[in-house]
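Chemist: Build me a structure from this.
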Amino acid sequence: MTDRLVHVRENAGLCGSCLHAVLRPTRRDTVYLRCALAGTDARYAKYPRLPVVRCDGYLPEPATTA
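Modeler: Residues are numbered from 1 along each chain as shown. The predicted structure follows:
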């Protein structure tokens, strides 16, 4: 399943690196990307059409250090 999550993030455009993106895997090996902003702001689609190339709510995830 981890490979599938990585694949979705890589092909999601801006959503792939956005702090507001929530990945929802299912038992049938499908992964849905949900926008957390949609819960509080109607301007954003709950499940945006991917790849997203422009978004006013985009907020990059903080860089992680090893």
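Chemist: going forward, measure contacts between C-alpha atoms and count neighbours the same way
Modeler: Fine.
Chemist: Would you point out which residue is most central in the chain?
Modeler: Among the residues of the chain, Ala21 comes closest to the average C-alpha position under C-alpha atoms, centre = their mean, at 3.3 Å.
Chemist: which residues touch the nearest residue to that one once chain neighbours are set aside?
Modeler: Of all residues not flanking Ala21 in the chain, Cys35 sits nearest, at 4.9 Å (C-alpha to C-alpha, 6 or more residues apart in numbering). When contacts are counted by C-alpha atoms under 8 Å, 6 or more residues apart in numbering, Cys35 touches His20, Ala21, Val22, Tyr44, Ala45, Lys46, Tyr47, Pro48.
Chemist: Show me where the chain has its helices.
Modeler: 2-10 (DSSP state H).
Chemist: that older thread, tell me the pLDDT at the residue nearest to Ala21?
Modeler: The model reports Cys35 with a pLDDT of 97.
Chemist: For the helix or strand bottoming out on mean pLDDT in the chain, list every residue counted as buried.
Modeler: Lowest on mean pLDDT, DSSP states H and E among the helices and strands of the chain sits helix 2-10, with a mean of 83. Buried positions in helix 2-10, judged by neighbour count with 16 or more other C-alpha atoms under 10 Å: Leu5, Val8, Arg9.
Chemist: Any of the contacts of Cys35 buried? List them.
Modeler: His20, Ala21, Tyr44, Lys46.
Chemist: Check whether the last one really touches Tyr32, as I assumed.
Modeler: No - Lys46 sits out of contact with Tyr32 when judged by C-alpha atoms under 8 Å, with a separation of 10.3 Å.
Chemist: so where is the chain shaky, pLDDT-wise?
Modeler: Low-confidence segments of the chain, defined by pLDDT under 70: 1, 64-66.
Chemist: mind listing the strands for it?
Modeler: 21-25, 31-35 (DSSP state E).
Chemist: how far does the least confident helix or strand of the chain sit from the chain's center?
Modeler: Distance of helix 2-10 from the chain centroid (C-alpha atoms, centre = their mean, to the nearest Å) equals 11 Å.
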